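K.L.:
sequence first, then the predicted structure, then my questions.
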Amino acid sequence: MSTPAHPVAKPTRRTDLLWSCLRWFGITVAALWLLAALTLVAFRFVDPPTTAVHIERRLQAWVHGKPYHAQFHFVPLSQISPNLQHAVIAAEDARFYLHHGFDWDAMEIAAEGDLDGKRLRGGSTLTQQLVKNLFFGTGRSLLRKAAETTLVPIAELVLGKQRILELYLNLVEWGPAIYGADAASHAWDKTSARTLSRDQSAELAAILPLPLKRRPEHMAHYTAIILERMHQMGW
């Protein structure tokens with residue numbers, strides 16, 4: 001006597017709905033990633049009008065009912081003092097011209113600094129910081145980190161080092177509602193980015209890790225470290 005076959009379980013409506021949501025979520029994520037990659041290609045030739053960080057700060061001010069008057073003026077790299085270019089590289093990404101978007105040694109040192117409680121800066125390269133500023137704001141999540149990691153090689157490939165440096169210096173946050181080297185120079189030193197001295201440049205670079213909390217005149221120790229790094233790098 002044969003044993004009756006067990007009926008094949010049919011997918012429930014709930015399972016179908018779950019897979020449909022996951023499929024559309026994947027399609028949406030892929031489309032957004034492709035849009036970001038194409039935007040990076042466009043930024044090879046076009047200056048970004050804003051960034052995710054700029055938008056985030058404006059929304060935060062609106063939510064809290066605070067006035068917000070952004071200082072932001074994009075200038076060519078040729079109009080930014082080499083002193084500031086060198087100071088920022090020395091402070092934030094000493095191997096900028098040697099790596100291809102990621103500096104694994106710096107990440108390891110930053111992780112050790114976290115454990116010791118002595119970190120002055122993170123382990124992210126200028127390219128990583130640029131991608132984060134452009135597309136992801138200041139939030140943290142595994143999905144954001146994964147997207148950032150896949151976009152960094154695209155940025156290195158399509159932008160090149162000089163354009164990455166130009167974009168970073170023009171877009172990075174340098175204080176409350178202060179974005180870019182020229183706005184920072186006028187806000188903190190009452191001069192243009194073109195005329196910054198070595199000391200002024202090192203002071204500005206010293207506040208980049210925590211631009212909403214640090215002020216140049218309070219960063220004498222870290223400024224001295226940056227000046228020494230610049231000297232060691234031949235600048």
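P.N.:
It's in. Worth saying up front: this structure is predicted, and the values here are computed from it rather than measured.
K.L.:
and the strands in this structure?
P.N.:
71-72, 178-179 (DSSP state E).
K.L.:
what comes into contact with the first one?
P.N.:
Among residues not part of strand 71-72, those counted as contacts by CB atoms under 8 Å, 6 or more residues apart in numbering are 54, 177-180, 183, 186-187. For every residue, glycine as well, the C-beta is placed using N, CA and C.
K.L.:
cutoff 10 Å now
P.N.:
For strand 71-72, contacts defined as CB atoms under 10 Å, 6 or more residues apart in numbering pick out 49-51, 54, 170-171, 174-180, 182-184, 186-187.
K.L.:
try stretch 36-47
P.N.:
Under the contact criterion CB under 10 Å, 6+ apart, stretch 36-47 has outside partners 48, 74-76, 130-131, 134-136, 147-148, 150-152, 154-160, 163-164, 166-167, 170-171.
K.L.:
distance from the lengthiest helix in the chain to the middle of the chain?
P.N.:
The residue-count maximum for a helix in the chain (DSSP state H) belongs to helix 13-42. Helix 13-42 sits 23 Å away from the centroid of its parent chain (CA atoms, centre = their mean, to the nearest Å).
K.L.:
give me the buried positions along that helix.
P.N.:
33, 36, 40 (16 or more other CB atoms under 10 Å).
K.L.:
over to stretch 57-66?
P.N.:
Buried-residue list, stretch 57-66, by 16+ other CB under 10 Å: 57, 61.
K.L.:
that stretch: how far from the chain's middle?
P.N.:
Using CA atoms, centre = their mean, the offset of stretch 57-66 from its chain centre is 21 Å.
K.L.:
mind checking the pLDDT average for it?
P.N.:
Stretch 57-66 comes out with an average pLDDT of 94.
K.L.:
ok, residues contacting it?
P.N.:
Stretch 57-66 is contacted by residues 50-51, 67-70, 137-138, 173, 176-177, 179, 212 when judged by CB under 10 Å, 6+ apart.
K.L.:
hmm, back to that, and the contacts of stretch 36-47, which of them are buried?
P.N.:
Neighbour counting by 16+ other CB under 10 Å classes 48, 74-75, 130-131, 134-136, 147-148, 151-152, 154-156, 158-159, 163-164, 166-167, 170-171 among these as buried.
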